[in-house]
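Visitor: next one to model:
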Amino acid sequence: MRGTIRKLGIEGSLWALISDSGETVELLDCPKALQKNGIKAEVELDRTAADVSVGMVGDVAAVRSFRVLSE
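Guide: Numbers count the residues shown, from 1 in each chain. Next up, the predicted model:
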C-alpha cells in the first residue's frame, strides 16, 4: 500500500498511513524509520496481527516491510 505517513494527535498520538486512495491504517509498533510526519512510503502490512486500538482511526496493521519513497 502506498501513501503518506502521518502522526495523528489521538490518545497521546499514533502513526498512521493515509493511502493514496484515502484509506487510513493505524500502524501498530511503527518502525522508527517511518516515524517522520509527511513522508511518502510503500508499506506491506499484516492486518492479522492486530484487532483493535484506542486510536480508532481505521484499520490497525503491523508493518511487515516498507520502502521510503520521498521525505
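
Visitor: what does the biggest strand by length in the chain contact?
Guide: Ranked by residue count under DSSP state E, the longest strand found in the chain is strand 59-70. Strand 59-70 has contacts (CB atoms under 8 Å, 6 or more residues apart in numbering) with 2, 23-31, 33-34, 39-47, 49-53. For the C-beta atoms, the positions are set from N, CA and C on the backbone; glycine is no exception.

Visitor: what do you get for stretch 20-35?
Guide: 1-3, 5, 7, 14-19, 41, 43, 45, 49-50, 53, 55, 57-63, 66, 68.

Visitor: from the middle of its chain, how far away would the longest strand of the chain be?
Guide: Centroid separation for strand 59-70 versus its chain: 6 Å, with CA atoms, centre = their mean, to the nearest Å.

Visitor: picking that back up, among the contacts of stretch 20-35, which are located in strands?
Guide: Using DSSP E, the contacts of stretch 20-35 in strands are 2-3, 5, 7, 14-19, 41, 43, 45, 59-63, 66, 68.

Visitor: pLDDT of the longest strand of the chain, averaged?
Guide: Regarding strand 59-70, the rounded mean pLDDT is 92.

Visitor: how many residues are close by Lys40?
Guide: Neighbours of Lys40 under the rule other CB atoms under 10 Å: 14.

Visitor: next: Ile18.
Guide: 16.

Visitor: didn't it look like it was pressed against Gly3?
Guide: Yes. Under the criterion of CB atoms under 8 Å, Ile18 makes contact with Gly3 at 5.1 Å.

Visitor: quick check on the contacts of strand 59-70: which are buried?
Guide: Buried by 16 or more other CB atoms under 10 Å: Val25, Glu26, Leu27, Leu28, Cys30, Leu34, Ile39, Ala41, Val43, Leu45, Ala50, out of these.

Visitor: need the contact partners of stretch 4-19.
Guide: With CB under 8 Å, 6+ apart as the test, stretch 4-19 has contacts from 1-3, 24-27, 30, 34-41, 43, 45, 53-58.

Visitor: mind listing what's buried in that stretch?
Guide: For stretch 4-19, the neighbour count (16+ other CB under 10 Å) marks Thr4, Ile5, Arg6, Leu14, Trp15, Ala16, Leu17, Ile18 as buried.
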